[in-house]
Structures are given as structure tokens and as C-alpha cells.
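# can't give you the sequence, but here's the structure:
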């Protein structure tokens with residue numbers, strides 16, 4: 001609280017100083033009441049505690065623990081709340097908007113194309129001022145890049161949606177300020193709120209009205225500044241646009257201090273603004289430090305996407321930004337899920353953003369030999385031979401051309417035998433995660449429920465996965481059967497895996513192996529076990545941790561094998577449709593997991609597994625491990641595959657079914673709950689898996705809707 005003190009003269013006090021202190025006192029009281037309301041709403045009621053001269057004793061302490069040895073006792077038991085997805089916002093290379101993006105995914109479209117030099121400048125059109133402005137590279141520099149294909153956000157569409165989102169955020173900020181006085185006025189502005197004991201009932205004076213107007217204008221200006229391209233880098237704009245769509249979709253626009261204090265933001269970024277950092281370094285190296293933009297530092301920090309969302313919408317709940325390479329998005333969603341489970345908020349905006357289609361990223365990943373180069377190599381060969389366009393060149397009849405040589409759009413081909421690397425993409429996705437009871441109270445509808453979250457580390461290599469997929473399989477197993485993982489019912493109705501598969505030769509093989517390992521552990525029979533190859537079983541700390549929880553100061557160094565299979569009840573692998581959406585979007589790096597988590601939630605809502613674009617000749621090693629691999633979409637006008645896995649109209653190639661593939665419940669029926677797993681793996685060996693499932697019937701939306709009929713489930717209720 002703030003104390004109202006006398007001036008150094010004693011009895012006299014300057015009127016403006018007194019008014020300011022009264023305002024601070026009023027604001028502190030409002031925030032104190034809001035915090036108390038949040039704590040009550042969250043149900044965070046500790047067990048009764050009593051204070052004594054010897055210390056604080058908890059009523060739920062074990063009787064065997066003496067107060068001298070453990071004066072505080074154990075902390076209160078954490079709640080385990082259920083969490084649902086009530087809103088989705090997507091900025092992708094396919095479209096700006098979740099409905100349009102999902103429709104194009106199901107149709108089998110791809111956003112991968114040949115790049116031009118202007119594509120490598122920021123989407124803000126170079127609005128970042130000074131020496132750090134990133135210009136398109138010169139033609140000779142651009143043509144030196146070994147890979148010149150990518151998947152870019154449609155910029156005209158983005159600018160229009162950003163203007164719309166900025167206007168909405170400003171309007172809400174004005175309304176909050178007028179109704180609740182949620183933001184303090186600018187320094188020296190006086191402010192509203194009334195001075196004196198009768199201020200609440202007195203008619204507003206012209207000076208207080210003027211102060212209120214100034215505060216309202218300042219609140220709107222603060223929201224608009226978050227979208228200003230001079231201050232906000234493209235990755236921040238992507239996140240702001242996605243967040244606005246997600247909030248509109250969920251119909252969640254928190255206004256009161258309590259609502260805003262209970263709304264968290266968990267939005268990460270992988271490697272934002274690499275080109276801008278390079279430009280600033282070049283400027284400083286040339287002695288032009290005074291020309292570096294004053295907004296340079298806030299434009300490059302990964303947490304500024306989360307910060308900008310919170311500022312634009314006045315959100316004061318937990319604010320967190322993961323930055324874990326290509327697993328960033330899924331880690332952000334999983335961390336938000338855990339926070340809501342523990343009662344640290346009622347709603348969370350969770351996801352990730354990335355804007356890394358630039359010369360620095362293309363050059364760096366090319367040096368790692370991670371990018372697809374077939375189309376660019378064919379283009380360069382044709383140019384060297386005196387030809388005009390791309391395509392074709394394969395080096396004679398003995399060496400047929402690569403499938404991507406004739407078309408940049410065919411460059412990203414997860415699980416295909418001819419894959420030669422990933423394609424850089426950009427975009428963002430934000431999900432509104434919500435406490436189930438909070439969603440019920442306000443009549444919200446849910447796409448899916450978040451059921452479990454698993455993480456692991458490879459401890460193997462900075463850029464390559466473990467050759468036997470141990471880290472990836474551990475993350476999946478922990479989501480499916482860990483201490484806070486899924487139950488047997490969730491495993492039994494597992495019908496889809498949205499694979500991380502990026503179109504790299506090694507990565508896709510390892511993930512297929514990791515998935516097969518998980519199902520072999522689940523008792524899927526000799527076929528899956530044989531597909532995993534020889535070798536010792538997965539190392540895991542599960543039994544070690546279980547022994548620790550059973551009591552004692554330490555766990556055994558080598559615990560006996562558990563009596564019960566931790567993955568008991570897991571669905572047969574031949575009933576689990578596996579697909580990757582990176583053939584359509586490219587690899588969005590840090591944002592990939594967020595966008596694909598959104599696709600997984602939509603897959604659960606629509607009961608359909610999306611197609612894998614460009615999967616024309618599946619890798620035999622992959623099909624040997626994944627018996628239900630979803631291939632490319634049917635031609636326009638065709639329908640989806642059947643839930644039974646079926647006939648000639650579904651089959652496309654050995655080991656493949658056409659997408660989109662309908663997901664049936666137990667017994668192959670169209671009804672009944674289903675669950676779906678989303679995978680993300682990143683450099684440094686960081687792995688994540690999140691399990692989504694059909695939400696409770698009273699909050700579900702989209703159940704049984706036919707694939708492609710997405711408009712009815714987004715942006716409305």
C-alpha cells in the first residue's frame with residue numbers, strides 16, 4: 001500500500017502530489033481486490049495453518065515429522081485441473097487465418113515456392129529504421145545461396161489482418177480504460193479517479209474529464225504501439241495477429257483486472273531477427289553505431305512476442321517465452337497446459353512465432369546441409385547450360401531428375417524416398433487454452449482437450465537425433481504413460497500422430513523408428529518389435545522416479561522392471577494414422593510445433609488426419625515401421641479416406657492411404673472419443689509431445705463435422 005505523508009513543511013501538501021498519491025492508493029486497492037478475486041476463483045485455498053512460538057505448522061503434515069526437523073511441513077497439494085482448447089489463431093504460408101489454412105491443408109495445397117530477393121527482406125517492408133534495416137540481398141549474393149525455395153506468409157493479407165488486429169486491440173484498450181481505469185495515466189497527466197472523500201459521488205470536473213480522455217488515448221496508443229513495424233519485428237506482428245484471431249475465436253476478451261490477471265501468455269520464438277542482428281553487427285563493425293535503431297534490442301528478443309501480446313491486451317497473468325529451437329511451440333503449449341493444471345491462471349494464450357526466411361538462415365542451414373537443394377541445383381544447372389527457367393536437369397537417362405527438380409512446390413516431401421532436406425517456412429500459431437470449468441461457466445466451446453505432455457533430451461548430438469530415436473520415443477512415452485501422462489483410456493483411443501517429420505533423410509527415419517518403438521513397448525506384437533531392430537530397450541527414469549515417490553531418501557540404483565506394462569491398452573499401430581503437414585507449410589522452426597498443435601486439435605475436432613503433401617514414393621524403411629501412413633490428398637472434388645483403412649478408392653501406394661483420412665472411434669465407428677499425439681523435436685536434442693483428445697460432450701464443437709467444413713467451427717459460436 002501507499003502511505004499519504006506530509007510534505008517536509010509539515011501541514012501543507014501540494015494538491016497535485018496529494019491527488020497523485022490518492023490515485024496510487026486507489027489503483028493499489030483495485031489490484032489488491034483483483035488478486036484476492038483471482039486467488040478465490042482459482043480455488044487456491046491452502047490447508048489451515050497455525051502459527052506458534054516454535055514455527056508454522058501445516059495441518060496436512062505427516063505426524064511422524066517433528067516441527068523442529070521440518071517446521072514448514074510439505075507445501076499444499078497442487079490441483080490437477082482439466083484444460084481445453086477454446087480458440088485457434090494461425091498465420092501461415094498457406095493463409096492468414098486458421099479456417100483458410102486448415103482448408104488448404106485438407107485440400108492438399110502447398111505454399112512452398114521459388115524465392116525472389118525481395119522475399120528475404122522483412123515482411124514490414126524494411127520499416128525498421130537506421131542501419132539495422134534489412135534490405136533484399138544483391139542478385140549475386142542471392143544466387144549464391146544453395147537453396148532458394150521457401151514458404152512465406154502472404155504479405156498483403158498479413159498487412160490487412162495486422163491493421164484489423166491493431167484497431168481491435170486499441171478499441172478494447174479504450175473500453176477497458178473508460179470502464180475500469182485499467183492503466184495508469186501518462187506521467188504528469190493528473191489522471192482520473194477523483195480526489196477527496198466525496199470524489200466517487202461528485203460530478204466530474206472538466207479537469208478530471210480531460211485527464212480521463214488522456215488516459216484513454218494513452219491506453220489506445222499503447223496497444224497500437226505493439227503493432228508499429230518500427231518497434232515490432234515481423235515475428236512479433238505474426239504472433240499479435242494470431243493471438244487476436246485466437247481470442248476472437250474463443251470469444252475471450254478480458255476486461256476486468258481479475259480477468260486480465262488470470263490470463264497468461266506463453267508464446268515463444270526460436271531464432272527471430274537473425275538478419276537484423278547481422279545488419280546491426282555490420283553497422284557497428286563499420287563504425288556506424290549511432291545509426292543502429294533504438295528499437296534494435298527489443299526487436300530481437302525472443303520474449304517480446306509474448307510481451308507485446310500482453311501489452312496490447314493488458315494481460316497480467318504469467319508471461320513466459322520458451323526458446324527451444326524447433327520444439328519451441330510445443331514446449332510453450334505444454335508449459336501453459338501445466339500452469340493451468342496447477343491453477344496459476346484460468347486462460348492462457350499459448351504458441352510460438354518465427355520469421356526466419358532470410359539470407360542468414362538460408363545460408364546457415366545450407367552449411368549444415370539441412371535444406372532441400374534439388375530444385376535450386378536444377379535451376380543453376382539449367383542456367384549454366386544456357387537454359388532459361390528451372391526444372392528438368394537430371395544429368396542424363398541413367399540419372400533421372402529429382403522429383404523436385406521441375407517444381408519448387410515439390411521440395412518438401414516428408415517420409416518420401418526422394419526427400420533431400422527441409423524447406424524454411426515462417427508464421428505463428430496461438431491457442432487459447434482454458435480451465436475446463438472456466439470454459440463451462442462462460443459457455444465456451446472446445447476443439448479438443450489437452451490430456452498430457454511429455455519431454456525428454458537426446459543427450460547425443462547438437463543437430464542430429466539419437467540414431468535409435470530414444471529421446472523422441474521417451475517424450476512420446478512420457479506423454480502416454482508418464483507420472484503426469486495419459487491414462488489407459490487415452491492410449492486405447494489414440495488414432496493419429498502429427499509427426500515432426502521435416503523431410504530430412506535421417507530425421508524422418510528416426511522418428512518413424514521412435515514411433516514404432518513406443519508401440520512395440522505397448523505390446524503391439526512382433527511386427528512392430530521387429531521393425532525396431534535389435535538393441536536394448538529404451539532407457540527411462542520412470543521406475544527410478546516411482547521408487548523415489550514411494551518413500552525413502554533415495555531411489556534404487558537399479559530398480560526391478562515394473563510388473564505392469566506402462567503403455568498397457570495402447571491402440572494397435574495399424575489403427576494410428578501418421579502424417580506430416582510440413583510438405584504443405586515447410587518447416588516453421590520455432591513456430592512449427594505451435595502450428596502443428598493447432599492442426600492436431602483441429603484433426604481431433606474434425607476427426608480427420610490431414611494429408612502429407614508430396615509423399616509420392618514412400619521410403620520403404622518408413623512404411624515398414626508405420627503401417628498407416630497418410631499420403632497426399634485426393635484430387636479436388638474427392639472425398640476423404642474411410643476410417644476402416646480401406647478399399648481401392650483409399651489406397652494410393654504400397655503402405656499409404658490417401659488423405660484426409662477419417663478417424664474412427666473404438667470398433668471403427670464414427671463416434672466415440674479419439675486422441676491424437678503431436679511431436680516436436682529440436683536442435684540440442686530437446687523433444688516434446690502433447691496429447692489432445694475429444695473434449696467432454698457439453699463443451700465440444702466440431703464433432704463429426706466433415707473434413708473441409710471448417711468455417712462452421714472457427715470464428716463463430
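Everything's here; your move. All values reported here derive from a predicted model rather than from experimental measurement.

# break this protein into its domains for me.
The chain resolves into domains spanning 83-111+157-170+229-357+422-713, 113-156+358-410 when parsed by automatic domain parsing.

# what is the burial count for residue 458?
23 (other C-beta atoms under 10 Å). Every C-beta, even on glycine, is put in place using the N, C-alpha and C of the backbone.

# same check, this time on residue 441
Neighbours around residue 441, by other C-beta under 10 Å: 11.

# and the domains of the chain, which is most packed in?
Stretch with highest mean neighbour count among those: domain 83-111+157-170+229-357+422-713 (a mean of 22; mean count of other C-beta atoms under 10 Å).

# and that one, average pLDDT?
The average pLDDT within domain 83-111+157-170+229-357+422-713 is 86.

# where does residue 254 land in three-state SS?
Assigned by DSSP: H, G, I helix; E, B strand; the rest coil, the conformation of residue 254 is coil.

# could you pull out the helices for the stretch 451-600 of the chain?
For the stretch 451-600 of the chain, the helices defined by DSSP state H, counting those that start in this stretch cover 470-481, 488-492, 505-521, 526-532, 542-550, 582-585, 592-606.

# that older thread, dump the domains of the chain into CSV; add distance to residue 416 as well.
As requested, these are exported to CSV (distance: least, C-beta to C-beta, whole Å):
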stretch, distance to residue 416
domain 83-111+157-170+229-357+422-713, 5
domain 113-156+358-410, 8
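
# out of those, the one nearest residue 211 is which?
Taking C-beta to C-beta, domain 83-111+157-170+229-357+422-713 is the member of those nearest to residue 211, at 19.1 Å.

# what about that closest one, distance to the chain center?
Taking C-alpha atoms, centre = their mean, to the nearest Å, one finds the center of domain 83-111+157-170+229-357+422-713 at 7 Å from the center of the full chain.

# just give the closest residue to residue 323, not the sequence neighbours.
residue 302 (4.4 Å; C-beta to C-beta, 6 or more residues apart in numbering).

# what kind of secondary structure is that neighbour in?
At residue 302 the chain is in coil, as set by three-state DSSP.

# so what's it up against?
By C-beta atoms under 8 Å, 6 or more residues apart in numbering, the contact set of residue 302 is 268, 269, 270, 272, 321, 323.

# got it, and residue 350?
With contact taken as C-beta under 8 Å, 6+ apart, residue 350 is in contact with 265-267, 332-333, 335-337, 430-433, 594.

# which two from these end up farthest apart in space?
Pairwise distances across the contacts of residue 350 peak at 15.2 Å for 335 and 432 (criterion: C-beta to C-beta).

# and residue 161, what element?
Per DSSP states H and E: residue 161 is located in helix 155-180.

# which helices and strands does that helix pack with?
With contacts taken as 3 or more C-beta pairs under 8 Å, 6 or more residues apart in numbering; DSSP states H and E, helix 155-180 sits against helix 206-225, helix 234-250, helix 304-313.

# circling back to that earlier point, export the contacts of residue 302 as CSV, with columns for secondary structure and distance to residue 216.
Shown next, in CSV, are the contacts of residue 302 (DSSP: H, G, I helix; E, B strand; the rest coil; distance: C-beta to C-beta, whole Å):
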residue, secondary structure, distance to residue 216
268, strand, 32
269, strand, 32
270, coil, 37
272, coil, 32
321, coil, 30
323, coil, 36
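
# circling back to that earlier point, the helices of the stretch 451-600 of the chain: which one's closest to residue 251?
Of all those, helix 592-606 sits nearest to residue 251, with 16.5 Å by C-beta to C-beta.

# before we move on, back to that, got phi/psi on the residue nearest to residue 323?
Backbone torsions for residue 302, taken as degrees, to the nearest 10, come to phi -60, psi -30.

# what about it, distance to residue 311?
Applying C-beta to C-beta, to the nearest Å, the value for residue 302 to residue 311 is 16 Å.

# before we move on, what about residue 455?
Distance, residue 455 to residue 311, using C-beta to C-beta: 29 Å.

# cool, and residue 157?
Plainly put, residue 157 is 24 Å away from residue 311 if you go by C-beta to C-beta.

# check residue 577 too.
41 Å.

# residue 294 now?
18 Å.

# residue 349 now?
Remark: distance between residue 349 and residue 311 (C-beta to C-beta) = 13 Å.

# quick one, what contacts the nearest residue to residue 465 once chain neighbours are set aside?
Using C-beta to C-beta, 6+ apart and skipping residues adjacent in sequence, the residue nearest residue 465 is residue 510, 4.6 Å away. Counting by C-beta under 8 Å, 6+ apart, residue 510 makes contact with 465, 466, 467, 468, 469, 472.

# turn these into JSON lines, including distance to residue 91.
As requested, these are exported to JSON lines (distance: C-beta to C-beta, whole Å):
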{"residue": "465", "distance to residue 91": "28"}
{"residue": "466", "distance to residue 91": "33"}
{"residue": "467", "distance to residue 91": "35"}
{"residue": "468", "distance to residue 91": "36"}
{"residue": "469", "distance to residue 91": "31"}
{"residue": "472", "distance to residue 91": "27"}
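
# among those, which two are most distant?
Across the contacts of residue 510, no pair lies farther apart than 467 and 472, at 11.2 Å, counting by C-beta to C-beta.

# dump the helices and strands packed on helix 155-180 to JSON lines, plus distance to residue 401.
Putting these into JSON lines (distance: least, C-beta to C-beta, whole Å) gives the following:
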{"stretch": "helix 206-225", "distance to residue 401": "51"}
{"stretch": "helix 234-250", "distance to residue 401": "35"}
{"stretch": "helix 304-313", "distance to residue 401": "41"}
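
# and residue 417, which of those helices is closest to it?
Residue 417 sits nearest to helix 234-250 of all the helices and strands packed on helix 155-180, at 33.7 Å, using C-beta to C-beta.

# and the closest one with helix 592-606, angle?
20 degrees (axes from the mean of the first three to the mean of the last three C-alpha atoms, to 10 degrees).

# beyond helix 234-250, next helix or strand please.
helix 257-261.

# was I right about residue 375 contacting residue 405?
Yes. Contact between residue 375 and residue 405 holds when scored by C-beta atoms under 8 Å: they sit 6.2 Å apart.

# roughly how far does residue 356 sit from residue 100?
In this view, residue 356 and residue 100 are 23 Å apart by C-beta to C-beta.

# brain fart, residue 119
According to C-beta to C-beta, residue 119 and residue 100 sit 21 Å apart.

# give the full set of residues in contact with the residue nearest to residue 237 when sequence neighbours are not counted.
Among residues not flanking residue 237 along the chain, residue 162 sits closest, at 5.5 Å (C-beta to C-beta, 6+ apart). Counting by C-beta under 8 Å, 6+ apart, residue 162 touches 227, 237, 240, 241.

# output those residues as a markdown table; include the columns distance to residue 94.
Shown next, in a markdown table, are the contacts of residue 162 (distance: C-beta to C-beta, whole Å):
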| residue | distance to residue 94 |
| --- | --- |
| 227 | 23 |
| 237 | 18 |
| 240 | 19 |
| 241 | 14 |
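
# most widely separated two among those residues?
Spatial extent of these (C-beta to C-beta) is set by the pair 227 and 241 at 8.7 Å.

# mutual contacts of the two, please.
Joint contacts of residue 227 and residue 241 (C-beta under 8 Å, 6+ apart) are 162, 165.

# tell me the secondary structure at the residue nearest to residue 249 when sequence neighbours are not counted.
Leaving aside its sequence neighbours, residue 249 sits nearest to residue 87 (C-beta to C-beta, 6+ apart; 3.9 Å). Put simply, residue 87 is strand when judged by three-state DSSP.

# good, we can wrap up now.
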